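**Q** Could you look at this predicted model? Sequence included:
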Amino acid sequence: MTAGMPAGGPGGAPAPAPAYGEGGLGDVLPSVVSALGVGEPAGDEGLPARWVLPPARSAVVVLVDGLGYDLLRRRGGHAPWLRGQFGAGRRIASGFPSTTPVSMGSFGTGLSPGSHGLVGFEVLVPGEDRLLNELSWEDGPVPERWQPRRTWFERAAGAGLDVVRIGPGFFDGSGLTRAALRGGRFVAAQSLDARVDATLAHARTKQRTLTYLYWGELDKVGHVHGCQSWQWGDELETIDRALARLAQGLPDDCSLTITADHGMVDVPMANRLDLAHDTELAAGVRHSGGEPRAPQLYCEPGATDDVLATWQARIGSFAWVLSREQAVAEGLFGAVHDEHLARIGDVVVAMRDDHAVVDSRHHRPELLALIGLHGSLTDDEVPVPMFHVAARST
């Protein structure tokens, strides 16, 4: 055991499952698209749009990667414009695991992770005895088969809206984009100012438009320098200025919605267990999937009970450790479709406080060096903002 980590034992409070049915990240696009007058406000699951938003001709939706609600609250001095939106904003749940591929699946489809099937950063490909990194999608299955349900961008485009998604060029046609965010057309823009300019140009056309702008630099800075760093604060200031310019430049009949995919926790190196150097925790684990804040363990045949008991005994005081069946029953993934069960780990772990489990046999050195991490169920990771600036006229 790494020095400074407490001895663990099973027990403690139940894992705090995200409140999927009470308005979350999956409700953002259905609500925005409904306000544009597109179709019935219902998703594949028959759930109504969570929020009744004022009508608008067009809409812009911005997703800032890594902008956790509670983190933004604490560091709001760097973001005067965003700070001014808290009064009418919402603190919503991203989901579990609180990580980009899972959240993008929920954001794009309006469904819970267990329904859209993107259930982790690295997950088992059933029948192939290997892990799929759902962010890089390297050697992955056909994205449209892995996640076949319609996205809200597809719905909007099918209803006649001019849908544009704006982000870095390498996202165009990537596996995760095709799985979670397909629909409409893609416009590549590199800098934040260039993306704001492209968004304004699209929103100012005479057509009915839905524009999606993605910005990932805050997440990168948080990973490398930590979300408590001065670098994170500087990046937040840059984003705040860009969002203020965007809001000011939009046409009167265009709404603006801002959200995020997850928050972040800074994890000291002393609070990390490494399976490469812990034979007891590694015993019986065939594949260590998930990520350091939310490991998903795929066990050797017949070893699941022993792995579960060992992990509960060793780290149960600073992690929630559940069997797949317990995690599903407690609602960590929302409603889980049968075809997605095998993608979830035999043992599901969610780290508390500022702890993590890494596997240097498998994780790249760049990932092992990251300071800011996310994926678990804490208030610093799951809650994200939903700020909506209504159109000034319709």
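**A** In hand now; what should we look at? Numbers count the residues shown, from 1 in each chain.
**Q** so who does Asn133 touch?
**A** Asn133 sits next to 121-122, 140 when contact means CB atoms under 8 Å, 6 or more residues apart in numbering. In this view, the C-beta of every residue, glycine as well, is placed from N, C-alpha and C.
**Q** Counting neighbours, which of these comes out on top?
**A** In terms of neighbours by other CB atoms under 10 Å, the contacts of Asn133 top out with Phe121 at 27 neighbours.
**Q** circling back: filter the contacts of Asn133 down to the ones in helices?
**A** Applying DSSP state H to those, no entry is found in helices.
**Q** so can I have JSON lines of those residues showing pLDDT?
**A** Formatted as JSON lines, the entries for the contacts of Asn133 read as follows, by pLDDT from 0 to 100:
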{"residue": "Phe121", "pLDDT": "98"}
{"residue": "Glu122", "pLDDT": "98"}
{"residue": "Gly140", "pLDDT": "96"}
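**Q** now those residues in JSON lines, with distance to Gln190?
**A** Converted to JSON lines, these look like this (distance: CB to CB, whole Å):
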{"residue": "Phe121", "distance to Gln190": "25"}
{"residue": "Glu122", "distance to Gln190": "28"}
{"residue": "Gly140", "distance to Gln190": "25"}
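**Q** out of these, which are inside strands?
**A** Residues of those located in strands (DSSP state E): Glu122.
**Q** How about Asp261: what's its closest non-neighbour residue?
**A** Ser103 (3.6 Å; CB to CB, 6 or more residues apart in numbering).
**Q** Surely the one you found and Ser94 touch.
**A** Yes - with contact taken as CB atoms under 8 Å, Ser103 and Ser94 are classed as touching, separated by 4.9 Å.
**Q** could you say what helices and strands the helix or strand hosting Leu297 packs with?
**A** Element membership for Leu297 (DSSP states H and E) is strand 294-299. Counting contacts by 3 or more CB pairs under 8 Å, 6 or more residues apart in numbering; DSSP states H and E, strand 294-299 packs against strand 122-125, strand 285-291, helix 304-315, strand 347-351.
**Q** between the ones you listed, which gets nearest to Ala13?
**A** Ranking the helices and strands packed on strand 294-299 by proximity to Ala13 (CB to CB) places strand 347-351 first, at 11.9 Å.
**Q** following the closest one, which helix or strand shows up next?
**A** Following strand 347-351 in sequence, per DSSP H and E, is strand 356-358.
**Q** just how off-centre is that next one within its chain?
**A** Offset of strand 356-358 from its chain centre (CA atoms, centre = their mean, to the nearest Å): 19 Å.
**Q** Then stretch 379-386?
**A** With CA atoms, centre = their mean, you get 10 Å for stretch 379-386.
**Q** can you check stretch 250-262 too?
**A** 18 Å.
**Q** related to what we said a few turns ago, name the residues contacting each of Ser103 and Ser94.
**A** 25, 261-262.
**Q** Reformat the residues you listed as TSV; add secondary structure.
**A** Shown next, in TSV, are these (DSSP: H, G, I helix; E, B strand; the rest coil):
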residue	secondary structure
Leu25	helix
Asp261	coil
His262	coil
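**Q** What about these, which one has the most neighbours?
**A** Most surrounded of those: other CB under 10 Å gives Leu25, at 30 neighbours.
**Q** my read: that residue touches Met104, true?
**A** No - assessed by CB under 8 Å, Leu25 is found out of contact with Met104, at 9.3 Å.
**Q** Pick out the residue closest to the middle of the chain.
**A** The chain has Ser103 as the residue nearest its centroid, 2.9 Å off, counting by CA atoms, centre = their mean.
**Q** Contacts only, for that residue.
**A** Taking CB under 8 Å, 6+ apart, one finds 25, 94-95, 261-262 in contact with Ser103.
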